[in-house]
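> what would the 3D arrangement of this be:
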Amino acid sequence: MERLPQDGIFILTLVFAVSVRFQETNAIESHYCPGTETHFVDVLQRREIPCAEAKDPLLILQGWRLELGVSSLDNIGTKKCFVTRVVREEQKKAILVCCHGYEGVFCETRIENELSFFKPLVEKRSADSNNYGNRSMTTASPALEALDLSSRSYATCLSWSRDHFRTFDGMDFSFEGACTYTLAAGTDGTWDATLKRDNCDTLDTCYKKLELILGMDVVTADGTNVFINDKKLNSFPFLDNGISIKRVGDFTYLESGLGVLAKWDGSMMIELTVLAELRHSTLGLCGTFDDDPSNDMTTRSGEVAGNQIQFAASWEAPGPGEVCPPLSEVHPCIVNGNLMETAQSLCSVLELAEDFQACHSVVQTANQAS
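Prediction:
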């Protein structure tokens, strides 16, 4: 009998394997659910307003900018101008995804130890609203010496607005740096988080770029875009290799099997949380997480810095070709004195706008504080 050539044996083997897999697929139960694939597109908006309103603080906060050289008079003699802004709109496409709690090529495998997207943290916050680690940046902080930091099951570091930070152990500081910085990292080298402010010349374009190295994986949050190992995520939730990412409203949540969690809004707010197992093993701008705020300004060399500028400069982590400009010790309001009037006008919205009146009994305004 004539033998089959080698290529023929390979083809028969492949056909047999596909046949077996097809039978197995029909025998297993797939778990598909309706889902969405999200894309973001930049859209230019343009509207006509009275020119006198072009410097309205609310319009500026909303990102509107005057279109120069274009104006007209209406039928009653009011000068009209055009304002424009670029907004990022979300577009969704209906797709099928694995149901909650299942994974695999055919969504046939039940996940036994699925990550919880902050469920333990949410439960703890509900049970003990006075716990230090649960306070947001807008909550009045009691004296640090009155707190039992060692009882925390996790700690959260905050970065908000352009220049403000709060360490794992609760120390607040600010600096204006246009470089990439080590926000936090593990002393064992298993994880690392870097932060960079981008395009912060104007308020409406400023955002922070966050990069997380988690074991062998790299997660990059660049504005509202999220990348895993340079591959853009187009749909959520994502779960793979011990990393889970979920988007809820304006916020994106990340949780990893290394005890590192993150939350960001795609603009200027970032929360980085580490579980108690990482106590005494962190470094960077977020501090040492050892329940002692007095040594939070520990530099890269292991010494406690004498001031915030020295501390921040030690954690510069420039990328290839990046040059870090010197940090200024002069208050930005002095350096940019010509912008003081604009800043006061923008901030007056918090004092005068009806939308914020209900907040005044909880959050002090500048006038109340003085």
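
> please count neighbours and contacts with C-alpha atoms only from this point.
Will do.

> just the helices in the chain please.
For the chain, the helices defined by DSSP state H occupy 6-27, 57-61, 119-127, 308-314, 332-335, 340-352, 366-369.

> which of those helices has the lowest average pLDDT?
Of all those, mean pLDDT reaches its minimum on helix 119-127 (a mean of 37).

> could you find the closest non-adjacent residue to the residue most central in space within the chain?
Geometric centre of the chain, nearest residue: residue 264, 2.3 Å, by Cα atoms, centre = their mean. Of all residues not flanking residue 264 in the chain, residue 270 sits nearest, at 4.4 Å (Cα to Cα, 6 or more residues apart in numbering).

> and the pLDDT for the one you found?
Value for residue 270, per-residue pLDDT: 95.

> what's the local residue count around it?
Here the count is done by other Cα atoms under 10 Å, and residue 270 has 23 residues near it.

> what is it paired to in the beta sheet?
Beta bridges link residue 270 to residue 159, residue 264, judged by DSSP bridges.

> wait, it sits on residue 159?
Yes: in this structure, residue 270 is within contact of residue 159 by Cα atoms under 8 Å, at 5.2 Å.

> got a list of what the residue nearest to residue 264 touches?
Shown in contact with residue 270 (Cα atoms under 8 Å, 6 or more residues apart in numbering): 158, 159, 160, 262, 263, 264.

> now the buried members of those.
Among the contacts of residue 270, the ones that count as buried by 16 or more other Cα atoms under 10 Å are 158, 159, 160, 262, 263, 264.

> returning to that earlier point: nearest to residue 296, of the contacts of residue 270?
Nearest to residue 296 among the contacts of residue 270 is residue 158, at 13.7 Å by Cα to Cα.

> please tell me how far the nearest residue in space to residue 187 that is not next to it in sequence sits from residue 302.
Leaving aside its sequence neighbours, residue 187 sits nearest to residue 281 (Cα to Cα, 6+ apart; 5.3 Å). The gap separating residue 281 from residue 302 is 13 Å, by Cα to Cα, to the nearest Å.

> which one's more surrounded, those two?
residue 281 (15 against 9).

> give the contact list for residue 46.
With Cα under 8 Å, 6+ apart, residue 46 has these contacts: 82, 83, 84, 85.

> what's across from the closest residue in space to residue 191 that isn't next to it in sequence in the sheet?
With Cα to Cα, 6+ apart as the criterion, residue 191 has its nearest non-adjacent residue at 4.7 Å, and that residue is residue 214. Taking DSSP bridges as the rule, residue 214 bridges to residue 191, residue 217.

> can you report how many residues lie near residue 214?
Residues near residue 214, counting by other Cα under 10 Å: 20.

> in this structure the residue nearest to the centre of the chain contacts residue 247, no?
No: using Cα under 8 Å, residue 264 is not in contact with residue 247, being 9.7 Å away.

> which residues are in contact with each of these two?
Shared contacts of residue 264 and residue 247 (Cα under 8 Å, 6+ apart): residue 253.
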